[in-house]
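K.L.:
Show me how the following folds:
(one chain, ligands or ions: 1)
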Amino acid sequence: MNVVKFGGSSVADAEQLQKISSIITEHDERKIVVVSAPGKRFSGDEKTTDLLIEYAETVINGEEDEKLYRKIVDRFQSMVEELGLSLELVETIEAKIQKIVSDHQDDKMTMDALKSCGEDGTAIVLSAYLQHLGVEASYVNPKDAGILVSDDSGSAIVLNDSLERLYQLRNRSEILVIPGFFGYTKAGKLVTFSRGGSDITGSIVAAGVKADLYENFTDVDSVFCVNPNIVANPKQITSLTYKEMRELSYAGFSVFHDEALIPAFKARIPVCIKNTNNPEAEGTMIVSENHHDYGYVVGIASDEGFLNLYVSKYLMNRETGFGRKLLHILEDEDISFEHTPSGIDDMSVILRDHQLTEEKEKRVVSRIQSELDVDMVSIERDLAMIMIVGEGMNSTVGIASQATNAISAANVNIEMINQGSSEVSMMFGVKAEGMEDAVRSLYHTFFES
Ligand code: ASP
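P.N.:
The predicted structure is shown next:
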């Protein structure tokens, strides 16, 4: 039994729904389908989820936007009409949206509930279309499927209790279509995952039903070993491990949600990334162990938008609890950190830039000065992080030297280096302006020479 998940571009319009229906019915093992909300149909188009978020904001502000509402409903209406389905489906979708609007009390609940309408609508239309084709198929709401989540609005975490409940889906004989991106708390409240979270639904469902394979359909033939916007026609990765994929996703690869791998990994379900627009292409397999065909580094991820909060204090090395106190100040401001490289008398905390707003920056800096009595605190913005990833680096001599040579050949200064003890990845901090040159040079070193 396979669980198949289709991303936003794979369900963007009627034509895409026809394509995915052929993909689903082509193999009998494809029994459970998870769908995203309709994504962009062409460059410059809007994603339904973005429209829903905008609409939810108007509802929360008490100024419902009728035009925006029509835009959302029209996405589904045109699909329904082009597929020759009953307009009652559109009424069902509209009734759900309207009920959320009229029940509005709690802002976060309304936001999550409206955000979920994109995937929900897709699942309603797709299941009806499969039935129209004569295929036995049903829409299954995540509540009935048994997807239990934590009560963290917009960033829910799946609860382990879901697994046993999901296993019951194996008893169903028809094709099940489940909307991705949301689940329910034990108290029955609808909560969404973070953006891109339909991947998480696919993964937890695959783990729950103990699928043989989790197929994740998107719009690229495979995962590339580097961002194709930086290096033209980069090598494709045919196979990589869960750990490698998680590191790469976290550090900037947008093909797969970085949290989505954990359920599949724990249940040891292989994941395959495939292209809806070219289903014959081999795709990328994500597995527990690998025999790499591209040397020791499998991928290079990079992302901008980081800052370095630098603190120095003479004899910091002798002060027990300094790091904890510093991180505690950030915790109080609800700021999460990425890395904390440190020296004898100094410590850096690398954060996502957007987290430290001007207002928070003032408070954080003044608290560090007064509570930790430091010699200096400074903030350096416009940083980029580059990560080279590969489980094979673990026992290989000379990877760091090759990487630093490559970055220096690009004439880019390394601001910091961080290698976790797992040795699956090595991170380099550089000024954002030098990131692309450094990445191209690293690609040349690890994949071309
Ligand atoms: N529709 C949601 C988003 O745009 C979730 C997803 O597509 O995975 O973030």
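K.L.:
hmm, the least confident helix or strand in the chain by mean pLDDT touching the ligand?
P.N.:
Across the helices and strands of the chain, the lowest-confidence element by mean pLDDT, DSSP states H and E is helix 242-250, at a mean of 86. No: looking at helix 242-250 against the ligand by C-beta under 6 Å from any ligand atom, there are no contacts, and the closest approach is 12.8 Å. C-beta coordinates here come from the backbone N, C-alpha and C atoms, glycine included.
K.L.:
quick one: that helix to chain centroid distance?
P.N.:
11 Å (C-alpha atoms, centre = their mean, to the nearest Å).
K.L.:
Now do the helix or strand just after it: everything it contacts.
P.N.:
Remark: after helix 242-250, the chain's next helix or strand is helix 261-266, criterion DSSP states H and E. Outside of helix 261-266, the residues within contact range by C-beta atoms under 8 Å, 6 or more residues apart in numbering are 158, 200, 203-204, 206-207, 214, 242, 245-246, 249, 270-271, 286, 288.
K.L.:
For Tyr443, give me its contacts.
P.N.:
225-226, 230-231, 234, 300 are the contacts of Tyr443 under C-beta under 8 Å, 6+ apart.
K.L.:
From the ligand, how far off is Asp303?
P.N.:
Asp303 is 18 Å from the ligand, where distance means C-beta to the nearest ligand atom, to the nearest Å.
K.L.:
Tell me which residues touch His350, please.
P.N.:
To be clear, residue 350 is Ile; His isn't right here. 306-309, 337-341, 383, 385, 416, 429.
K.L.:
Sketch out the strands for the stretch 1-150 of the chain, chain order is fine.
P.N.:
Ranges of strands within the stretch 1-150 of the chain are 2-6, 30-35, 137-139, based on DSSP state E, counting those that start in this stretch.
K.L.:
Would you agree Phe306 falls within a helix?
P.N.:
No: counting by DSSP: H, G, I helix; E, B strand; the rest coil, Phe306 falls outside a helix, being strand.
K.L.:
Could you tell me which residues make contact with the residue lying closest to Ser162 once chain neighbours are set aside?
P.N.:
Nearest residue to Ser162 in three dimensions, chain neighbours excluded: Leu148, at 4.7 Å (C-beta to C-beta, 6 or more residues apart in numbering). Taking C-beta under 8 Å, 6+ apart, we find Leu148 in contact with 158-159, 161-162, 165, 183-186.
K.L.:
just Ser10 next, same as before
P.N.:
For Ser10, the contact set (C-beta under 8 Å, 6+ apart) comprises 16, 19-20, 36, 39, 217-219, 276.
K.L.:
6 Å instead, please
P.N.:
16, 20, 217, 276 (C-beta atoms under 6 Å, 6 or more residues apart in numbering).
K.L.:
Of all pairs in those, which one is the farthest apart?
P.N.:
Maximum pairwise distance among the contacts of Ser10 (C-beta to C-beta): 10.2 Å, between Gln16 and Phe217.
K.L.:
number of nearby residues for whichever residue of the stretch 301-449 of the chain sits closest to the ligand?
P.N.:
Nearest residue of the stretch 301-449 of the chain to the ligand (C-beta to the nearest ligand atom) works out as His354 at 17.1 Å. Residues lying near His354 (other C-beta atoms under 10 Å) number 9.
K.L.:
Disregarding residues adjacent in the polypeptide, which is nearest to it?
P.N.:
Gly305 is the one closest to His354 (C-beta to C-beta, 6+ apart), at 6.7 Å.
K.L.:
Surely that neighbour touches Asp353?
P.N.:
Yes: Gly305 is within contact range of Asp353, at 4.6 Å (criterion: C-beta atoms under 6 Å).
K.L.:
how much space between the closest residue to Met111 other than its chain neighbours and Asp74?
P.N.:
Excluding the flanking residues, the one nearest Met111 by C-beta to C-beta, 6+ apart is Ala56, at 4.6 Å. As judged by C-beta to C-beta, to the nearest Å, Ala56 and Asp74 stand 18 Å apart.
K.L.:
thought Lys313 was touching Val374?
P.N.:
Yes: between Lys313 and Val374 there is a contact at 4.4 Å, judged by C-beta under 6 Å.
K.L.:
State the helix or strand in which Met347 lies.
P.N.:
Using DSSP H and E, Met347 maps to strand 346-352.
K.L.:
again, but for Ile273
P.N.:
strand 271-275.
K.L.:
next one: that strand to chain centre, how far?
P.N.:
Computed by C-alpha atoms, centre = their mean, the separation of strand 271-275 from the middle of its chain amounts to 15 Å.
K.L.:
Close to the ligand: what parts of this structure are there?
P.N.:
Residues of the chain lying near the ligand (C-beta under 6 Å from any ligand atom): 8, 36-37, 47, 49, 118, 180-181, 195-199.
K.L.:
would you list those residues in TSV and tack on pLDDT and neighbour count?
P.N.:
What follows is the residues of the chain next to the ligand, written out as TSV (pLDDT from 0 to 100; neighbours: other C-beta atoms under 10 Å):
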residue	pLDDT	neighbour count
Gly8	97	25
Ser36	98	31
Ala37	98	29
Lys47	97	20
Thr49	98	24
Gly118	98	31
Gly180	98	35
Phe181	98	27
Arg195	95	15
Gly196	94	21
Gly197	96	25
Ser198	97	31
Asp199	95	28
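K.L.:
what's in contact with stretch 174-187?
P.N.:
Against stretch 174-187 from outside (C-beta under 6 Å, 6+ apart): 32-34, 36, 116, 119-120, 123, 126-127, 136-140, 142-143, 145, 147, 149, 151, 190-193, 197-198, 201.
K.L.:
Leaving out sequence neighbours, find the closest residue to the residue most central in space within the chain.
P.N.:
With distances taken as C-alpha atoms, centre = their mean, the residue of the chain nearest its centroid is His257 (2.5 Å). Here the nearest residue to His257 in space, its sequence neighbours aside, is Asp199; by C-beta to C-beta, 6+ apart that works out to 3.9 Å.
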